[in-house]
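Engineer: could you look at this predicted model? Sequence included:
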Number of protein chains: 2
Amino acid sequence: MELSRANRALLRSLYTRHGRKKSGCCVVEGPRAVSELIAAAPGSIRFLVHTGDVPPGVDAPCIPVTESEFHELSGTIHGQGILAVAQSPAFVPAGEPADDPYLFALDRVADPGNFGTICRTARAAGLRELWITEGTADPYGDKALRSGLGSQFAMRIRFFSDLNALRQAADAIGYGPVWLTDPHTGTSLYAEPDLYRRSVVVIGSEGGGVADLAQAPRVTIPMPGNFESLNAAQAATIFLFESVRRRETPAISQ
Amino acid sequence: MELSRANRALLRSLYTRHGRKKSGCCVVEGPRAVSELIAAAPGSIRFLVHTGDVPPGVDAPCIPVTESEFHELSGTIHGQGILAVAQSPAFVPAGEPADDPYLFALDRVADPGNFGTICRTARAAGLRELWITEGTADPYGDKALRSGLGSQFAMRIRFFSDLNALRQAADAIGYGPVWLTDPHTGTSLYAEPDLYRRSVVVIGSEGGGVADLAQAPRVTIPMPGNFESLNAAQAATIFLFESVRRRETPAISQ
């Protein structure tokens, strides 16, 4: 089987936001991300392009190509021998109930690499939900999927116009308050016992920090080195794994 | 004052490893990284190129250029209006005493973005030392300095051929054991009370994980989501800030 001209054009278009919007598809690159896609949403796969073996569980056309053809098709300099074109998942409706102990949210985290890293880390920390506001990187962009290793397909991502809308939706399904993480002021995350009790923890944008939200409490990461604020993905990681620590060591602290 | 042809060629060469090695210099881009350089090593600055204001404390030629000239000179697409060419600091000799409560080490962390992020996070966590093995990204490469925001200049970086040499040097100044962080096996970092007591904590390479080192104990990050291992920079961040948490909350836990 050969890659049709139409599919070649579709694949190419998925490296732009416009192309993804037009087709509703995304490109998933590399064996680890493709495995995650196959496990979480096998029915969404349109076709797969590969230079070597194909993992089991794919019920879509698998098109073998040479290394040099693959190199030409792939968005990365070091192509990893496999990519899939899939329909992008729809965002989860705001009103659906959630199971996570707390909700983790990103407010206008625009860098796709940061988004992907945070998504992957949230998944590793055992969360299922990831809530985002407008201005956050496209979860199904090629870069976000590469840094996220396809973890996006395992997460229930919900999209909101802004933090107010996000707070309303959280409140409606029994989550609150909304904690704004702040690089400079607020309670220390290590000293706030209720931080992860059916609350919402919001990581702010790389440049502008967290938005203002009336009456929202603030929580901060103590920084002995007194340096520039942490990168958004590093701050997110610290918040995500402080919750893991509390679950893992209930007797020692809370 | 104009940028001489020789300095223009020097600047251009600093975007390659070969060029940096030849001249012993590095390029520091953006206002935050340049501020860190001025604070930590003002004497090392050869010259500075800028489109706007120059921060105080610079005792080297400051060459004003237009936005378009700057764009042409700078390594980033979105140049930030200021860059400095400086002599790269020498690595700190292995035998010098250290003050940090524990030593943090990177074993062949080759990605410059990861290196810079980890360096910046270590600085924010209050450490002064950063020990690295051969195969780790050049601390003074342009990308590493960009992600590190110049934090490299505030850190005492020591270089070793491998983990054995690193362990010997640590032992000689009273640090040990060497803890290997492992994505899969070992004691949980949350359950190991002595983890940060004059020990060495080693983060392994992105691809190959941590090297084998005879008799070195292993420590791991519990991962409820059971996903792929974390990115090296995320794992480093969790280890660095678990030590911050213990210092900040001595009464609650270790």
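Structural biologist: Now that the structure is in, tell me what you want to look at. Residues are numbered from 1 along each chain as shown, chains lettered A, B, ... in the order given.
Engineer: list the buried residues of the longest helix belonging to chain A.
Structural biologist: Identified as the longest helix of chain A according to DSSP state H is helix A:232-248. Residues A:232-246, A:248 are the ones in helix A:232-248 that count as buried (16 or more other CB atoms under 10 Å in any protein chain shown). Every residue, glycine included, has its C-beta placed from N, CA and C.
Engineer: once you drop chain neighbours, what's closest to residue A:86?
Structural biologist: Using CB to CB, 6 or more residues apart in numbering or on different chains and skipping the chain neighbours, the partner closest in space to residue A:86 is residue A:44 (4.5 Å).
Engineer: show me what contacts that neighbour?
Structural biologist: Applying CB atoms under 8 Å, 6 or more residues apart in numbering or on different chains, we find residue A:44 in contact with A:37, A:86-89.
Engineer: of all those residues, which comes closest to chain B?
Structural biologist: Nearest to chain B among the contacts of residue A:44, counting by CB to the nearest CB, is residue A:37 at 13.4 Å.
Engineer: now, the contacts of residue A:44 that are in strands?
Structural biologist: A:86-87 (DSSP state E).
Engineer: can you list the contacts of residue A:44 in a markdown table and add pLDDT and neighbour count?
Structural biologist: What follows is the contacts of residue A:44, written out as a markdown table (pLDDT from 0 to 100; neighbours: other CB atoms under 10 Å in any protein chain shown):
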| residue | pLDDT | neighbour count |
| --- | --- | --- |
| A:37 | 96 | 25 |
| A:86 | 97 | 28 |
| A:87 | 97 | 15 |
| A:88 | 97 | 21 |
| A:89 | 96 | 18 |
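Engineer: of the contacts of residue A:44, closest to residue B:137?
Structural biologist: residue A:37 (30.3 Å; CB to CB).
Engineer: could you give the separation of the longest helix of chain A from the chain centroid?
Structural biologist: Offset of helix A:232-248 from its chain centre (CA atoms, centre = their mean, to the nearest Å): 15 Å.
Engineer: which positions in the stretch 51-200 of chain A make contact with chain B?
Structural biologist: Selection of the stretch 51-200 of chain A residues close to chain B by CB under 8 Å from any CB of the partner chain yields A:117, A:120-127, A:149, A:151, A:154, A:188, A:190-191.
Engineer: just after the host helix or strand of residue A:170, pick out the following helix or strand.
Structural biologist: Assigned by DSSP states H and E, residue A:170 belongs to helix A:163-172. Remark: after helix A:163-172, the chain's next helix or strand is strand A:178-181, criterion DSSP H and E.
Engineer: what helices or strands is that following strand leaning on?
Structural biologist: helix A:163-172, strand A:200-203, strand A:218-220 (3 or more CB pairs under 8 Å, 6 or more residues apart in numbering or on different chains; DSSP states H and E).
Engineer: quick check: which of these is buried the most?
Structural biologist: strand A:200-203 (a mean of 24; mean count of other CB atoms under 10 Å in any protein chain shown).
Engineer: each with direction, which strands does that strand pair with?
Structural biologist: strand A:103-106 (parallel), strand A:178-181 (parallel) (DSSP bridges).
Engineer: let's have those strands in JSON lines, adding mean pLDDT and mean neighbour count.
Structural biologist: Formatted as JSON lines, the strands paired with strand A:200-203 follow (pLDDT from 0 to 100; neighbours: other CB under 10 Å):
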{"stretch": "strand A:103-106", "mean pLDDT": "98", "mean neighbour count": "26"}
{"stretch": "strand A:178-181", "mean pLDDT": "96", "mean neighbour count": "24"}
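Engineer: ok, the residue lying closest to residue A:52 once chain neighbours are set aside to chain B distance?
Structural biologist: Computed as CB to CB, 6+ apart, the closest residue to residue A:52 that is not its neighbour in sequence is residue A:81, at 5.3 Å. Look at residue A:81 and chain B: by CB to the nearest CB, to the nearest Å, they are 15 Å apart.
Engineer: also residue A:12?
Structural biologist: Counting by CB to the nearest CB, the gap from residue A:12 to chain B is 22 Å.
Engineer: assign a three-state SS to that residue, would you?
Structural biologist: helix (DSSP: H, G, I helix; E, B strand; the rest coil).
Engineer: list the residues that contact it.
Structural biologist: Counted by CB under 8 Å, 6+ apart, residue A:12 has contacts A:19, A:73.
Engineer: what does the pLDDT read for it?
Structural biologist: We have a pLDDT of 94 for residue A:12.
Engineer: same check on the one 10 residues further on?
Structural biologist: At residue A:22, the pLDDT value in this model is 97.
Engineer: now swap in residue A:75 and tell me
Structural biologist: 69.
Engineer: okay, now the unreliable bits of chain A?
Structural biologist: Scanning chain A for pLDDT under 70 picks out A:75-79, A:227, A:250-254.
Engineer: so what are the domain limits for it?
Structural biologist: Following automatic domain parsing, one finds the domains of chain A at A:5-87, A:103-248.
Engineer: quick one: the helices and strands packed on strand A:178-181 as TSV, columns for distance to residue B:4 too.
Structural biologist: Shown next, in TSV, are these (distance: least, CB to CB, whole Å):
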stretch	distance to residue B:4
helix A:163-172	51
strand A:200-203	45
strand A:218-220	47
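Engineer: before we move on, the earlier item: make a markdown table out of the domains of chain A and add distance to residue B:135.
Structural biologist: Shown next, in a markdown table, are these (distance: least, CB to CB, whole Å):
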| stretch | distance to residue B:135 |
| --- | --- |
| domain A:5-87 | 18 |
| domain A:103-248 | 22 |
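Engineer: what's the most buried one of the ones you listed?
Structural biologist: Taking mean count of other CB under 10 Å, domain A:103-248 is the most buried of the domains of chain A, at a mean of 20.
Engineer: quick one: end-to-end distance for that one.
Structural biologist: 18 Å (CA to CA, to the nearest Å).
Engineer: do stretch A:90-100 as well
Structural biologist: 20 Å.
Engineer: likewise for stretch A:19-35?
Structural biologist: Termini of stretch A:19-35 sit 24 Å apart (CA to CA).
Engineer: also stretch A:184-204?
Structural biologist: One end of stretch A:184-204 sits 12 Å from the other (CA to CA).
Engineer: and residue A:201, what are its bridge partners?
Structural biologist: Beta-bridge partners for residue A:201, by DSSP bridges, are residue A:104, residue A:179.
Engineer: all helices of chain A, in order?
Structural biologist: Using DSSP H, helices in chain A cover A:5-13, A:17-23, A:31-40, A:67-73, A:112-124, A:142-148, A:163-172, A:232-248.
Engineer: would you turn the ones you listed into CSV with distance to residue B:104?
Structural biologist: Converted to CSV, the helices of chain A look like this (distance: least, CB to CB, whole Å):
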stretch, distance to residue B:104
helix A:5-13, 42
helix A:17-23, 39
helix A:31-40, 27
helix A:67-73, 38
helix A:112-124, 20
helix A:142-148, 24
helix A:163-172, 35
helix A:232-248, 14
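Engineer: and residue B:18, which of those helices is closest to it?
Structural biologist: helix A:67-73 (25.6 Å).
Engineer: distance from the chain centre to that closest one, please.
Structural biologist: Put simply, helix A:67-73 sits 27 Å off its chain's centre (CA atoms, centre = their mean).
Engineer: ok, now which ones touch residue A:34?
Structural biologist: Contacts of residue A:34 by CB under 8 Å, 6+ apart are A:28, A:48, A:55, A:82-84, A:150.
Engineer: repeat that for 7 Å
Structural biologist: Counting by CB atoms under 7 Å, 6 or more residues apart in numbering or on different chains, residue A:34 makes contact with A:28, A:55, A:82, A:84, A:150.
Engineer: quick check: it vs chain B, distance?
Structural biologist: Residue A:34 is 13 Å from chain B, by CB to the nearest CB.
Engineer: which non-adjacent residue is nearest the residue of the stretch 151-254 of chain A found nearest chain B?
Structural biologist: Residue nearest to chain B within the stretch 151-254 of chain A: residue A:224 (3.1 Å; CB to the nearest CB). Nearest-residue entry for residue A:224: residue B:126, 3.1 Å, with adjacent residues in sequence omitted and distances by CB to CB, 6+ apart.
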